[in-house]
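Peer 1: no sequence for this one, just the structure:
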């Protein structure tokens, strides 16, 4: 089940960076959901490389083809498979990586685990794998939309630059997906400057799941926040997750952190991030993820080769100097998968 | 599978705060592992209420009885079940809670989800549920010990007080489980002062998994860090998780955050927290969790009753003013469950 | 997941024949189901040894204790655990079996698989394990009853004696659980005669699941009949399963075996056994299982010991000369588990 | 998980009869297994329509394309996806079936379950779905071959014609896949005669899994025979399963049915079918499945339409008059999936 996520709404992904194709099978999608291929393609385009000045200039079309599970525009209840052919990969670029382990990448650990490794572009450990997640997430969003549930995310910080406000209508209007246009400009500038120095940046993505009815989440192990954490940390490059007040809760007192209830069933604040005891409370679910700086940098790095001998490495090629802008739609997709699964599972909570 | 955790090493827990008993079934433990009941009991004692001045004075014996799966001191490969009878619960204390929702607790969300609710002491959402986790974790530790893998955790901060060092030999020598004796004393003082004000504190737990061979973790969804995040966020009161440099990675540059490799297969630093691409790299796996302040406080709180009418509440009874000291062994237990599961799953990685 | 059955309605059992206790955790039972402990105990009594002249004279009380998941007579949506203490086991009876492998039993295979083995009474491979299944099945029946679904089974044949009719009102009125009183008397006589010869008998159990709405079953792998087959073959001693016309379908022509549909949505016959394409069609679901003769016989048998040396064996002790009468409630229980799981999963089939 | 089979060796299939493609994702295949695309294609050719006089004359190329998980001829431990494009479907043939329910088919039950239905050629309930199973089974066979495990099946009976012997070298030399050339000729003749009468035939497939080491199978629910039963009954048209002596065990006595053990660890007979207590005992695992007569017949049938009104139906088109010859490779494939999964899971049985 390593490449399957979900219990009822089950998503299985496959594909390597330089193989023939990536794809996903979505099993457990209820029948009768309207499937709009243009929406799915639109979500893929948000993740696609080459979309802006701050992403890799690699050009990948990421064209989605639906292979099954849809009839006359609606889901049929059978597995919905989506295929994304790889195009324009230059395998030649990667030949030296057969011998060396790139710092911060999974080259060494894949070799240790599997004994063999498709070293071209990182193979399965490439960020390219997330295209399949985004396709699945788009289907989950279509399902959730029918229940009025809506998911969105944005860049909260990139390197040292932090957004001061979040105007959601601005998020898709700038290359970094930040809701604060002024900060967005500074972030973009910071990325370009850092890239120019052969280095890379990390950042924080903030996300929201809105209009979630109270009652979703399956204690004690499949709590809503636990599944979100699982989902988010499964994205390459994500090193941390918090829900609601998160790490700031560690500094607060109970009298500050508790959300007082207001008649008839509201909350005066949302330190809980919309989840109590692992179950949604009707408030907006909000979370943050920490994204590490892109490990592929053009500056000189110390490493070892397959034989354990020391080596030096400069990573050429075309890489995102900051993963945050393109992780935004991936985080949304994963949040959508979790929510879709829990929405279905909650149908079984009561007699 | 809501109350089952793991794929091969599968743990299923049950039990409410005020029911007859808690317990756990461990399925998938290999045969031939030495099972030491005294060690299991010792781990439960570390979590037990009433163990120190800074925990609830409630007295619960938490006596573990092994019901199956062990023969002549060794595991048999069949499910190992452990029973912990509840004792000394005062159900009368909780009668008013049938009508009110406690802020920061799961009363409201359980009611919304299930329609019914065992309101005595929080029922299944009580921290008491973690006793079963600790029992299971103790068995996992016994299994891991045979591979030389070792897990430990401590309090890194409590409220505003932060440890400056970590001398692991000191952790179990103070009531807050902090590796810095000076900070420990300040933490204890802070807890008592805050409790005296009718309030509570949060904090941060730091944990390590040592001697993990490279190669554990099952990408792309069951990455080691993803399962750890899932496990940790499934603990009541935990609001955040980070691995390695975690949220600080968001501020670092690639050249700083990448761990250079050293011959033959080591790392010059450990910003990755022992995990690359979701797979252990042989370094110590290290993580942090954010613990919210105990929601049960004796100060006056605004809330609503079952009919949506406003109400005021003061929570009496005997509660931990800070969850951190008793969450330490729970975090270790959950880390042990994840590691045991991945250690077994890794047996299937290669031909 | 070896000892867990089900996807949403998940049952985990534990316990050995001669350990302290058997038990089961039922996770995924919806909240609000009336739980009648007397009904659960009644089902266990139907499986209990010593209940009639044709079962083992061993006396086991099989007293069920509910440990969790029930509040004020209703399920709460949290795991419902049931404990059954072992009593009256004579471990001394089994000491020689530490050295020998009993033909037709799992002694040899457990040793090969696990390296160690609780040889007392078969340990986990004992038929005693089914007590936990029956307890879980009783809870599933209570859940199904609220949807009007009803499950029943009976002995169709024992050794060479076949029932000619099935009057369901008679089934519980005789020791062999046969719906044909005349055949029942002959079966009972056949059992006693065979037992007197130091031998044992097999037979066939016939079962029905009634009032199942059309639409249950999860193709392509979790078809209703596929899960039933899985469930039935997981019972010790069961060697075959068929649904509807079963093996007779192999001899029929399509024109005979197809069930013509009748307005508005009925069927003129039920060769399909209530399942088409793995999904219930609204007809009664009917199935048969083949039960092998009890392997424990007092006649002399050839076998080998732990060192591979030849040995002879006569199995003393108190054994059922035919498993069929006591497997009837176990088959019902397993059918109830499958149906409960699919009833819940079907809630997720449509938008 | 409806369309996923297996716990460690996990197979997820997708695709409808008349959609763009069928396919499968194999997750959990260990790294380092030699993947021979020609072998996979050969297995698909054995299932392919149009291969002989007794199968449907429809021509489908069933060309397999490997999309991921293989690098330099070896599995990489990442998901291995296989795509099979649909070709030559005549959707026009099926338009009337939008309105009518074919007897013996899943038309009615899919409609009841999902509310919508891809009626073209049966959609997901078409036998065409098994192409994906065969592709997955071929990969499983390649994996098993490295452990010396081998799987084979044949037609034991078709309608009233029964094989008297089984010469395995003959099985692939005749159109019905029977090991008795004389019976094969009679079976072929029987099929042609029955088809000429507008009718169809059922039959029995016999299968063997050879060279299985003792110790595979995961009691109590995932016993080897229980998983085989699950796997086999999940194949469309299969109505019964038996292992070893199967239904004949119901008529035998213990003294006959027990397999005496012979030094050092053999068995004098194989009534158990190679499985004791759900675990392989080192003997050949043998099983039978009952296949119903093809429900698509050209003779006149009574049915109802979508509005519950009576209707008459003659099914035209090109259908197999007997499913047995083409189910043989499907049964082998499913047996391979079960065995591969249990071979991996058994790696976790011991310390």
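Peer 2: Perfect, I can see it now. Note that the coordinates shown come from a computational prediction; the quantities given were computed from them, not determined experimentally. Numbering: from 1, shown residues only, chains lettered A, B, ... in the order given.
Peer 1: Low-confidence stretches in chain A?
Peer 2: Residues of chain A meeting the criterion pLDDT under 70: A:88-93.
Peer 1: So which residues on it come close to chain C?
Peer 2: Residues of chain A found near chain C (CB under 8 Å from any CB of the partner chain) are A:7-8, A:28, A:30-33, A:75, A:77-78, A:143, A:146, A:219, A:344-345, A:347-351. From N, CA and C alone the C-beta is placed, and that goes for glycine too.
Peer 1: Narrow these to those in strands?
Peer 2: Mapping those onto strands (DSSP state E) picks out residue A:75.
Peer 1: Please enumerate the helices of the stretch 101-250 of chain A.
Peer 2: All helices of the stretch 101-250 of chain A, identified by DSSP state H, counting those that start in this stretch, fall at A:107-114, A:130-145, A:181-196, A:224-233.
Peer 1: Out of these, flag the one nearest residue A:292.
Peer 2: helix A:224-233 (11.7 Å; CB to CB).
Peer 1: list the contacts for the residue located most distally from the centre of chain A?
Peer 2: Here chain A reaches farthest from its C-alpha mean at residue A:263, the gap being 36.0 Å by CA atoms, centre = their mean. By CB atoms under 8 Å, 6 or more residues apart in numbering or on different chains, the residues touching residue A:263 are B:304, B:308, B:309, B:310.
Peer 1: next one: the longest helix seen in chain A to chain centre, how far?
Peer 2: In chain A, taking DSSP state H as the definition, the longest helix is helix A:324-345. Chain-centre distance of helix A:324-345: 7 Å, with CA atoms, centre = their mean, to the nearest Å.
Peer 1: So that helix, near chain D or not?
Peer 2: No: judged by CB under 8 Å from any CB, helix A:324-345 makes no contact with chain D; its nearest approach is 11.6 Å.
Peer 1: hang on, the earlier thing: any chance of a markdown table for the helices of the stretch 101-250 of chain A, columns mean neighbour count?
Peer 2: Formatted as a markdown table, those follow (neighbours: other CB atoms under 10 Å in any protein chain shown):
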| stretch | mean neighbour count |
| --- | --- |
| helix A:107-114 | 25 |
| helix A:130-145 | 26 |
| helix A:181-196 | 18 |
| helix A:224-233 | 30 |
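Peer 1: could you dump those helices to a markdown table with distance to residue B:58?
Peer 2: Formatted as a markdown table, these follow (distance: least, CB to CB, whole Å):
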| stretch | distance to residue B:58 |
| --- | --- |
| helix A:107-114 | 45 |
| helix A:130-145 | 42 |
| helix A:181-196 | 49 |
| helix A:224-233 | 26 |
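Peer 1: any chance of those helices in a markdown table, plus distance to chain D?
Peer 2: As requested, these are exported to a markdown table (distance: least, CB to the nearest CB, whole Å):
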| stretch | distance to chain D |
| --- | --- |
| helix A:107-114 | 4 |
| helix A:130-145 | 10 |
| helix A:181-196 | 30 |
| helix A:224-233 | 16 |
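Peer 1: Residue A:27 contacts residue C:348, correct?
Peer 2: No: taking CB atoms under 8 Å as the definition, residue A:27 is not a contact partner of residue C:348, at 11.1 Å.
Peer 1: higher neighbour count, those two?
Peer 2: Counted by other CB atoms under 10 Å in any protein chain shown, residue A:27 and residue C:348 do not tie: residue A:27 has more neighbours, with 27 against 22.
Peer 1: where's the more buried one relative to chain B, distance?
Peer 2: Per CB to the nearest CB, to the nearest Å, residue A:27 is found 14 Å from chain B.
Peer 1: Report the contact partners of that residue.
Peer 2: Neighbouring residues of residue A:27 by CB under 8 Å, 6+ apart: A:10, A:11, A:12, A:79, D:1, D:2, D:3, D:4, D:12, D:14.
Peer 1: among the residues you listed, which are within reach of chain B?
Peer 2: Checking the contacts of residue A:27 against chain B by CB under 8 Å from any CB, not one of them is in range.
Peer 1: Could you give the number of residues near residue A:173?
Peer 2: Residue crowding around residue A:173 was assessed by other CB under 10 Å; the count is 12.
Peer 1: Skipping adjacent residues, who's closest to it in space?
Peer 2: residue A:181 (7.4 Å; CB to CB, 6 or more residues apart in numbering or on different chains).
Peer 1: wait, the one you found sits on residue A:172?
Peer 2: No: using CB under 8 Å, residue A:181 is not in contact with residue A:172; the gap is 11.8 Å.
Peer 1: circling back: residue contacts, the residue nearest to residue A:173?
Peer 2: A:167, A:170, A:173, A:174.
Peer 1: farthest pair in the residues you listed?
Peer 2: Spatial extent of the contacts of residue A:181 (CB to CB) is set by the pair A:167 and A:174 at 10.9 Å.
Peer 1: Between the two, point out the one with more neighbours.
Peer 2: Neighbours per residue, other CB under 10 Å: of residue A:167 and residue A:174, the larger number sits with residue A:174, 21 against 13.
Peer 1: Tell me how many other residues crowd the nearest residue to residue A:19 once chain neighbours are set aside.
Peer 2: Nearest residue to residue A:19, sequence neighbours excluded (CB to CB, 6+ apart): residue D:68, at 4.7 Å. For residue D:68, the neighbour count with other CB under 10 Å is 27.
Peer 1: ok, residue D:68 to residue A:283 distance?
Peer 2: Here residue D:68 is placed at a distance of 40 Å from residue A:283 (CB to CB, to the nearest Å).
Peer 1: quick one, strands of the stretch 1-150 of chain A?
Peer 2: Ranges of strands in the stretch 1-150 of chain A, per DSSP state E, counting those that start in this stretch, are A:4-5, A:10-15, A:21-27, A:64-66, A:70-71, A:74-75, A:80-85, A:150-158.
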